[in-house]
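Novice: Structural data only, the sequence is not supplied:
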Ligand code: FES
């Protein structure tokens, strides 16, 4: 069994372990977390502009927009595909 530990570097040389339950602030100005961005993606948000309108992410200083956009894109690319797309049949 292989265990992968994902960490954020919170300061030079200091790391914080992250798992699926750990929410991380992406937008400090407006208190928007990675969980909120994934939730927005799962409910149909497809652009950073829409994410900003829904959550306020990026609406103040804008320094979080690149990371928010990356997270949104990754969340949109990790949706489950229906089995027929893969040519498989449900058992
Ligand atoms: S950190 Fe997101 S608007 Fe400033």
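Specialist: Happy to help now that I have it. Not measured: the values here are computed from a predicted model. Numbering: from 1, shown residues only.
Novice: Residue 33 is in contact with residue 22, isn't it?
Specialist: No. Residue 33 lies out of contact with residue 22 (Cβ atoms under 8 Å); the separation is 9.5 Å. Yep, even glycine has a C-beta here, placed from its N, CA and C like the rest.
Novice: Of the two, give the one with the bigger neighbour count.
Specialist: A direct count of neighbours by other Cβ atoms under 10 Å for residue 33 and residue 22 places residue 33 higher, at 17 against 13.
Novice: For that one, list the residues it contacts.
Specialist: Contact partners of residue 33, counting by Cβ atoms under 8 Å, 6 or more residues apart in numbering, are 23, 24, 25, 26.
Novice: mind giving me TSV with these and columns for distance to the ligand, neighbour count and pLDDT?
Specialist: Shown next, in TSV, are these (distance: Cβ to the nearest ligand atom, whole Å; neighbours: other Cβ atoms under 10 Å; pLDDT from 0 to 100):
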residue	distance to the ligand	neighbour count	pLDDT
23	15	13	88
24	13	13	87
25	8	13	93
26	7	24	94
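Novice: now, which of those lie within strands?
Specialist: Among these, the residues falling in strands (DSSP state E) are 25, 26.
Novice: residues from this protein in reach of the ligand?
Specialist: Residues of the chain lying near the ligand by Cβ under 6 Å from any ligand atom: 27, 28, 29, 30, 57, 58, 59, 60, 61, 62, 63, 64.
Novice: now do 8 Å
Specialist: Taking Cβ under 8 Å from any ligand atom as the contact definition, the chain meets the ligand at 26-30, 32, 56-65, 68.
Novice: buried residues in the lengthiest helix in the chain?
Specialist: The residue-count maximum for a helix in the chain (DSSP state H) belongs to helix 65-76. For helix 65-76, burial by neighbour count (16 or more other Cβ atoms under 10 Å) applies to 65, 67, 68, 69, 71, 72, 75.
Novice: which residues touch that helix?
Specialist: Helix 65-76 is contacted from outside by 26-27, 32, 34, 37-38, 40-42, 45-48, 51, 57-58, using Cβ under 8 Å, 6+ apart.
Novice: Alright, that wraps it up for me.
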